[in-house]
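> give me a model of this one.
(one chain, ligands or ions: 1)
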Amino acid sequence: MKSGYLAGLAAVLAVGAQAQAPASVTRDCGECPEMLLVPPGEFRMGTRPGGSEANRATGEVPEVLMSLGRPFFIAAREITVGEFALFVEEGGYDPPRGCRVLSGGQWVEDPERSWRDPGFALPPGPDDPVTCIDWEDARAYAQWLSARSGRSFRLPAEAEWEYVARGGTDFARYWGSADTREDQPVTLACDYANVLDAGSVSLTGLGLPNSACRDGAAEVSEAGRYRPNAFGAYDMIGNVREWTQDCFTASYAGRPRDGRAWTWQGGCSLKSVRGGSWASQPSQARAGARDSEPPSRRQSDLGFRLARDYDRVDAPADEVSTEPDGSPGAVAPTEP
Ligand SMILES: [Ca+2]
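Got it, this is the predicted structure:
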């Protein structure tokens, strides 16, 4: 049985990126981020020859059909400095200093920089995404918030991330096909994302191609400042790159097809990082683009957002099974 809401949302998303879904927003505690309910569905993860994403790179192939059989929640926005500061204040956890920052067009390790002071022209505000956070820092935040709220927060699986980032489209970028081809200037980006734009090239010193528009931000921008995609998610592309649960792989061959994270015992030397950032050229600011970092990386364009499973406590009363063969309160299965 599928709830009427989820069926309706899935139908709206099927129309494409132009449709604005009536986002269902949940906040699990006063300090918790707004979470979007994402319906189950299928999508093609990765890119293919002749497809819309011209700057395909290692790791994006082969394109695989993913089937996410259950709804899940993902944060509408990247975790902010203000949200992380509460964790540090009350959680007794504080990442050490030391962060890679952009200096003179080069990424350099600065032992004095930290999430409090990532070396931007202006100190980050409470509503800016937190940066200089490594994978364990992000996981520690999720664990603290889980204990505080009674919900099981975690990083998004990479497949969940790409499903949300595509926003029901197969475009390179969720805002539409006009900015799909890499051989054409990307001009719509600045309505939807904080990327390396025409106005930020001189300040960053990055001698890279830029989006041929001005987004008004040379470094991080307030989370949720630009337009959301059809899922109601902000900054899936741009602002800060985002940690995922998954280990980075050179190929999608063999990966789980049900949306689970692809990890293995003993950990991995590289984690998948997604979405591009304020410092990303157009080829890296795509739904399908992948990046990788060691879990210990702290960098001033790298942050995260949270996800969590759809639990039985989230099910409306009409979805709760009372059948003798089902445990009381079990969530009825949902259809892809
Ligand atoms: Ca920018």
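> what about the lengthiest strand in the chain, average pLDDT?
The longest strand of the chain (DSSP state E) is strand 241-247. The average pLDDT within strand 241-247 is 98.
> what's the answer for stretch 309-325, then?
Mean per-residue pLDDT for stretch 309-325: 70.
> what residues does the longest strand of the chain touch?
With contact meaning C-beta atoms under 8 Å, 6 or more residues apart in numbering, strand 241-247 is reached by 78, 133, 135, 138, 154-158, 161, 261-264, 267-268, 270-277, 280, 291, 293, 299, 301-305. (C-beta placed from N, C-alpha, C; glycine too.)
> okay, now the sheet partners of that strand, with direction.
Listed by DSSP bridges, the sheet partners of strand 241-247 and their directions read strand 271-274 (antiparallel), strand 302-303 (parallel).
> of the ones you listed, flag the one that's most buried.
Highest mean neighbour count among these (mean count of other C-beta atoms under 10 Å): strand 302-303, with a mean of 28.
> can you list the helices and strands that the following helix or strand past that strand packs against?
As assigned by DSSP states H and E, the chain's next helix or strand after strand 302-303 is strand 307-309. The helices and strands touching strand 307-309, judged by 3 or more C-beta pairs under 8 Å, 6 or more residues apart in numbering; DSSP states H and E, are strand 72-75, strand 153-154.
> chain center to the shortest one, what's the gap?
Looking back up the chat, that one is strand 153-154. Relative to its chain's centre, strand 153-154 lies at 13 Å (C-alpha atoms, centre = their mean, to the nearest Å).
> for that strand, give the mean pLDDT please.
98.
> strand partners (parallel or antiparallel) of that strand?
strand 307-309 (antiparallel).
> what are the buried residues along the partner strand?
Going by neighbour count (16 or more other C-beta atoms under 10 Å), the buried part of strand 307-309 is 307, 308.
> what does stretch 202-213 give?
204, 206, 209, 210, 211, 212, 213.
> how close does the fifth one sit to the ion?
Here the criterion is C-beta to the ion, to the nearest Å. By it, residue 211 lies 8 Å from the ion.
> wait, isn't residue 232 in contact with residue 36?
Yes. The criterion here is C-beta atoms under 8 Å, and residue 232 meets it with residue 36 at 5.0 Å.
> between those two, which one's more packed in?
Applying other C-beta atoms under 10 Å to residue 232 and residue 36 shows that residue 36 carries more neighbours, namely 24 against 21.
> what pLDDT does the model give the more buried one?
Reading off the model, residue 36 has pLDDT 97.
> then the one 4 residues further on?
Residue 40 carries a pLDDT score of 95 in this model.
> wait, it sits on residue 160?
No. The pair residue 40 / residue 160 is not scored as a contact, 10.9 Å apart, by C-beta under 8 Å.
> coming back round to it: give me the buried entries from the contacts of strand 241-247.
So, of these, 78, 133, 135, 138, 154-158, 161, 261-263, 268, 270-277, 280, 291, 293, 299, 301-305 end up buried under the neighbour-count rule (16+ other C-beta under 10 Å).
> returning to what we had before: residue 40 and residue 160: which has the busier surroundings?
Per other C-beta under 10 Å, whichever of residue 40 and residue 160 has more neighbours is residue 160, with 23 against 19.
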